[in-house]
Every structure is written in C-alpha cells, then in structure tokens.
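**Student:** Would you be able to build a 3D model of this:
(4 chains)
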Protein chains: 2
Amino acid sequence: MARPPHAREKVLLAYAQLLVEGERAATMDAVATRAGVSKGGVLYHFPSKDALAEALLGRFAEVSAADVKAMQDDPDGPVRNFIRTSWETDADLDPVYRAVMRLAHAGHEGALGMLESLHDDWLRELETETGDAALAKTVMLLGDGLYHQASMPGRWSQQQFSDLDELLAQVDRLLGR
Amino acid sequence: MARPPHAREKVLLAYAQLLVEGERAATMDAVATRAGVSKGGVLYHFPSKDALAEALLGRFAEVSAADVKAMQDDPDGPVRNFIRTSWETDADLDPVYRAVMRLAHAGHEGALGMLESLHDDWLRELETETGDAALAKTVMLLGDGLYHQASMPGRWSQQQFSDLDELLAQVDRLLGR
DNA sequence: GTCTATACGGGGATAGAC
DNA sequence: GTCTATCCCCGTATAGAC
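**Tutor:** Numbers count the residues shown, from 1 in each chain, chains lettered A, B, ... in the order given. Down below sits the predicted model:
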C-alpha cells in the first residue's frame, strides 16, 4: 500500500485493465492514454514493459496472499468461501487475477508460476476442510470453470447460474450435505 | 476434407499450433517456418492474417459439429461423453478448440461467438440427459474447469486427477448415481 | 504455385527539454 | 516528475521474379 506516487498507481491499474481486454491491447501507448499520462511518463515509472509486468505480479502476490488468508478465516469454511469468491467478480483479487491470466496465456513464465502456486494454496485449503483429495479437486474444477467463463472478453455467458445460491446448492449436494 | 493442396493444410496446422503457444507467437513468419514454406508461400494460400483466422474458424465449425454429434450418439450418454472428451487432450477438437480460445482471448469476435455457440450446444445436450438445468450447468462448469487448466501453456497441473475414473466417480456422485 | 525484395506501420525504448 | 522527439526492430502486406 504505502501511498506511492498517485500516477504510478494509475498506470498500473490501466495496464491491468487493458490486459484483460486483450494482451495485445496493452501497449505502452494505450496504457499511457488510459492512465492520462504520456508514453514517456509511463516509462519514467516503469523503465520497460517487463517492469510493468513484474509490478503487476507483485500486486498479485499481495492480493492472492490476502485471499488465501480470507479463505482460512471465513466462518463458512474454505469451500464456500472459494465458490463465493470465484463467483463474485468485484473482489479485490479478480481484476488482477484475470490480468495475470492473460500474461500466462501469452506465455509469461512468472505469471504462470504464480498462478500455479495460488492454485496449490487453494487446493490445500480445500483438502483441509473436506479431508478428501478427489472432492477437493472437484470443487477446484468448479472454481476454474467460473474463471474460465470470466476469462472471456465481453459478456460471455455472464449469468450461467441465476444466482450464487443455486450453485452453492450443487456444491452441498456434492459434499453430501 | 477434399484434398486441398497439401501445403495449405500444413500452414493451417502450424498456425493453430503456434496460437496455442501464445497468440503473439503466431506471426506470419513463424507460421511459414513451421509449415516449411516461405512467408510469401503462406500469403499465397491465405491473403491476410485474418484469412488464416477465418479458415481456422471454418475448421472449428466442422470439428465442433462432429463433437456434438458424437456426444448425442455416445451409448454412455452426453454427460459422460462430455467429461471424457474434456479430460482427454488428444481428441480432434482439442487442438482446434484451444487455438480458437486464444483468438477469443485476444478479442476476436468471431471466435468468441463460435465458442459461445458450442457452449450452448453442449449445455442443451447435458440438460436433455439430466433433465435438471442447474445440474447440467454444474457439469458444464467441470468441463470448463478442465479446459481452463488445459488452456495454460506448458504443463500446468497436468494431472490434477490421477485418472479419468476418479473424476467420473465424482460426477456420478453429483448425479446421485 | 512458391519464392525474394521491399514498402509501410506500429510498438518499445532512449535522449534530453521543461 | 512528466513531456516531446526520435530511432529501430518486427510484423503485415504488396510487387513481381522464377
């Protein structure tokens, strides 16, 4: 957090947004325009495009750690927390997660590694609650499915399920509750 | 099918492969090299890069129609067929599907539309078998989860489940079988 | 039908003014 | 700390030879 120069923050945000719209759309020029600064201004804060990606990954590390913590602390348990946060799209993690996913799709090794690591953390929590590896993996798959749908640009099948409860009912069924 | 000039086929295949490795990697130059022809050779068969994308979508229409048909005709029923084919990665559809997904991620409208349409077809078949819309959507989500994992470059969590049977057992449980 | 040569545009990055 | 000007590389596409 730590109040960094406001412009830097806006640039990073613009970069993340543009990534979600398509990795190709995230040019230095487009980032500058959206952030309301000039190309040179962007390059001042981030000396290269890769520096921009690294900064995004740093942000990702922060929010994903917080996400795992929230999963552990949720009174409803990790499974329900996981399904809920995979469903909701306005969480802290979501926009950053989707941006990093684009980087991974584009072949960025660091992005790929961090996603895998978060994936592992999630799975560990799910296994802890369910005590059943196969079951945990199945819940994981449901979350991945939601992210798959969310990863599409535009408004792909936005409302597959009418609401979160309809989906949670299915999860309960799977858990034999 | 119809035996088109062999080179054309090789070019299209190379393009699809490169797309999966990363949309940015699929340059005309890279396609030419992988297909074993020159840049000019590629441009002879496909007058523009967009023509290459259109040809891929045409191929996708063919194999996805065949996929839905196979789903309907499978003696095990649409659900098991869907889960099995989402799990397996060597099917006819798979490489083309993944390539088109990259195009969609890059913001290609046509690719997005065709994926949505196939998605709708799948869902209809699942609903027909289960007679339960929410259940069908849940199965759909599992398949999407598998594709999400498969959509990552490299060997992301290649074997989440040790084998297909472990996953099918979970599906049976969900269906109450 | 396939290749070489080349024109053209866009994106990343540097230098230096303000 | 932010901007303008500029260079260079790479990717697409055209022209035309073989």
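
**Student:** Please point out which parts of stretch A:66-81 sit buried.
**Tutor:** Neighbour counts over stretch A:66-81 (16 or more other Cβ atoms under 10 Å in any protein chain shown) mark A:67, A:68, A:71, A:74, A:78, A:79, A:80, A:81 as buried. No exception for glycine: its C-beta is placed from N, CA and C like everyone else's.

**Student:** what do you get for stretch A:104-121?
**Tutor:** A:104-108, A:110-112, A:114-115, A:118-119, A:121.

**Student:** Can you flag which of those residues belong to helices?
**Tutor:** A:104, A:105, A:110, A:111, A:112, A:114, A:115, A:118, A:119, A:121 (DSSP state H).

**Student:** Could I get the average pLDDT for the biggest helix by length in chain A?
**Tutor:** In chain A, taking DSSP H as the definition, the longest helix is helix A:49-73. In this model, helix A:49-73 has a mean pLDDT of 96.

**Student:** Likewise for stretch A:153-168?
**Tutor:** The average pLDDT within stretch A:153-168 is 80.

**Student:** List the buried residues in it.
**Tutor:** Those would be A:153, A:156, A:157, A:160, A:161, A:167, A:168, for stretch A:153-168 by 16+ other Cβ under 10 Å.

**Student:** Endpoint to endpoint, it covers what distance?
**Tutor:** 25 Å (Cα to Cα, to the nearest Å).

**Student:** For the ones in helices among the buried residues of stretch A:104-121, which two are the farthest from each other?
**Tutor:** Spatial extent of those (Cβ to Cβ) is set by the pair A:105 and A:121 at 20.9 Å.

**Student:** Domain parsing of chain A, as residue ranges.
**Tutor:** A:1-47, A:53-175 (automatic domain parsing).

**Student:** Contacts (any at all) between DNA strand C and the last one?
**Tutor:** Right, domain A:53-175. No - judged by Cβ under 7 Å from any atom of the strand, domain A:53-175 stays clear of DNA strand C, getting no closer than 9.9 Å.

**Student:** which ones are touching residue A:91?
**Tutor:** Counting by Cβ atoms under 8 Å, 6 or more residues apart in numbering or on different chains, residue A:91 touches A:67, A:85.

**Student:** What's the separation between it and residue A:131?
**Tutor:** 27 Å (Cβ to Cβ, to the nearest Å).

**Student:** do residue A:145 as well
**Tutor:** 23 Å.

**Student:** On the three-state scheme, residue A:76 is what?
**Tutor:** State at residue A:76, reduced to three classes by DSSP: H, G, I helix; E, B strand; the rest coil: coil.

**Student:** Can you give me the distance of the most centrally placed residue in chain A to DNA strand D?
**Tutor:** For chain A, the residue nearest the mean C-alpha position is residue A:97 (1.7 Å; Cα atoms, centre = their mean). Using Cβ to the nearest atom of the strand, to the nearest Å, one obtains 27 Å as the distance from residue A:97 to DNA strand D.

**Student:** got a pLDDT number for that residue?
**Tutor:** 95.

**Student:** Work out the gap between the host helix or strand of it and the centre of the chain.
**Tutor:** Assessed by DSSP states H and E, residue A:97 sits inside helix A:93-105. Centroid separation between helix A:93-105 and its chain, computed with Cα atoms, centre = their mean, to the nearest Å, is 5 Å.

**Student:** In stretch A:81-89, which residues are buried?
**Tutor:** A:81, A:82, A:83, A:84, A:85, A:86, A:87.

**Student:** Any figure for the gap between the fifth one and residue A:122?
**Tutor:** Spelled out, it's residue A:85. If you go by Cβ to Cβ, the gap between residue A:85 and residue A:122 works out to 10 Å.

**Student:** quick revisit: in JSON lines, list the buried residues of stretch A:81-89 along with distance to residue B:137, secondary structure and pLDDT.
**Tutor:** Shown next, in JSON lines, are the buried residues of stretch A:81-89 (distance: Cβ to Cβ, whole Å; DSSP: H, G, I helix; E, B strand; the rest coil; pLDDT from 0 to 100):
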{"residue": "A:81", "distance to residue B:137": "21", "secondary structure": "helix", "pLDDT": "97"}
{"residue": "A:82", "distance to residue B:137": "18", "secondary structure": "helix", "pLDDT": "97"}
{"residue": "A:83", "distance to residue B:137": "13", "secondary structure": "helix", "pLDDT": "96"}
{"residue": "A:84", "distance to residue B:137": "17", "secondary structure": "helix", "pLDDT": "95"}
{"residue": "A:85", "distance to residue B:137": "19", "secondary structure": "helix", "pLDDT": "93"}
{"residue": "A:86", "distance to residue B:137": "14", "secondary structure": "helix", "pLDDT": "93"}
{"residue": "A:87", "distance to residue B:137": "12", "secondary structure": "helix", "pLDDT": "89"}
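
**Student:** Pick the one among these closest to residue B:138.
**Tutor:** Of all those, residue B:138 sits closest to residue A:83, with 11.2 Å by Cβ to Cβ.

**Student:** Nearest residue to the closest one in space, please, no chain neighbours.
**Tutor:** Excluding the flanking residues, the one nearest residue A:83 by Cβ to Cβ, 6 or more residues apart in numbering or on different chains is residue A:171, at 5.6 Å.

**Student:** Count residues in the vicinity of the residue lying closest to residue A:59 once chain neighbours are set aside, would you?
**Tutor:** In space, and not counting its chain neighbours, residue A:59 is closest to residue A:96: 5.8 Å by Cβ to Cβ, 6+ apart. The tally of other residues near residue A:96 (other Cβ atoms under 10 Å in any protein chain shown) stands at 24.
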